[in-house]
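*Asks:* Next input, structure requested:
(one chain, ligands or ions: 2)
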Amino acid sequence: LEALFVPQRLAGRKVLMTAGPTFEPIDAVRGITNISSGKMGYALARACRDAGAEVTLVSGPTGLPCPEDVQRLDVGTAQEMYDAVLRHAGSADIFIGVAAVADYRVRNRAEHKLKKGDSVPVIELEENPDILATVASLPAAPFCVGFAAESRNLLEYADAKRRRKKVPLLVANLVQKAMGRDTNEVLLLDDAGSHALPEMDKQALAARLVEELAARLPPA
Ligand code: CTP
Ligand code: CA
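*Replies:* Ligands and ions are numbered 1, 2, ... in the order given. Below you'll find the model as predicted:
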């Protein structure tokens, strides 16, 4: 019932999103991952749905239930996330990258469980593709929103990130402000500069971010 009173700012729009961490296997039982609960991404998926959007959520392993009326595609690795996103990017009006994507994957992944006793294994890494930058550079790119979690130099790093990835809107926060919490405190960066939002509950912030993105959206 509550949804009836939410302004349908994204009615008729297709939103493609990523959320959660990715998992890059080292061997049959171990891997490299990022710390991410998926809470912010899932809150945003619900907020987009409540605003009338058709939402496709490409999610890494979070253990969270799939939000109602959201199409979820479960992935493990960054490459799987990339492949799923690129399959759907062509038909999306909006792309929001909330996932904490592992920047590197294991080049010398072992098929079976590594056993102690031999020499200490050396893990070789290679870079994963940048999903957000790739989508933002597509010829008919959807309106792209990025997230940036930094542990220091928030404005400087986030501004450089927004320019490098060529996204019109970037949501930046200090990891200390969000990780493992139900609240978040963010900076919004766009062509006009930066703007701080007060600390709020992640679901309230998600609704606010929908407003902010809808206000910047080119007309349908
Ligand atoms: N992102 C992505 N694909 C990647 C890495 C990041 O789509 N391989 C997206 C994230 O989902 C987020 C944004 O890019 O929306 C910023 O992610 P972040 O890790 O902060 O940026 P990086 O470019 O990886 O820079 P660094 O980790 O060095 O700060
Ligand atoms: Ca990164």
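*Asks:* Now for the residue most central in space within the chain: which residues touch it?
*Replies:* The residue lying closest to the centre of the chain (C-alpha atoms, centre = their mean) is Val98, at 1.5 Å. Applying C-beta atoms under 8 Å, 6 or more residues apart in numbering to Val98 gives the contacts 17-19, 40-41, 44, 147. C-beta: built from backbone N, CA, C; applies to glycine.
*Asks:* Can you pull the residues of this structure lying near ligand 1?
*Replies:* Counting by C-beta under 6 Å from any ligand atom, the chain comes close to ligand 1 at 18, 78, 97, 99, 101, 103, 128, 130-132, 146-149, 161.
*Asks:* Look at the closest residue to Ser36 other than its chain neighbours and report its pLDDT.
*Replies:* Distances taken as C-beta to C-beta, 6 or more residues apart in numbering put Ala100 closest to Ser36, at 3.7 Å, once the chain neighbours are dropped. Looking at Ala100, its pLDDT reads 97.
*Asks:* per-residue pLDDT, the residue of the chain most remote from its centre?
*Replies:* The C-alpha centroid of the chain is most remote from Gly117, which lies 39.5 Å away (C-alpha atoms, centre = their mean). The per-residue pLDDT reported for Gly117 equals 82.
*Asks:* do Val55 as well
*Replies:* According to the model, Val55 carries a pLDDT of 98.
*Asks:* what about it, how many neighbours?
*Replies:* Neighbourhood size, Val55 [other C-beta atoms under 10 Å]: 25.
*Asks:* what about Arg162, distance to Leu189?
*Replies:* 5 Å (C-beta to C-beta, to the nearest Å).
*Asks:* returning to what we had before: using the three-state scheme, assign the closest residue to the residue nearest to the centre of the chain other than its chain neighbours.
*Replies:* Nearest residue to Val98, sequence neighbours excluded (C-beta to C-beta, 6+ apart): Gly41, at 3.6 Å. Following DSSP: H, G, I helix; E, B strand; the rest coil, the label given to Gly41 is helix.
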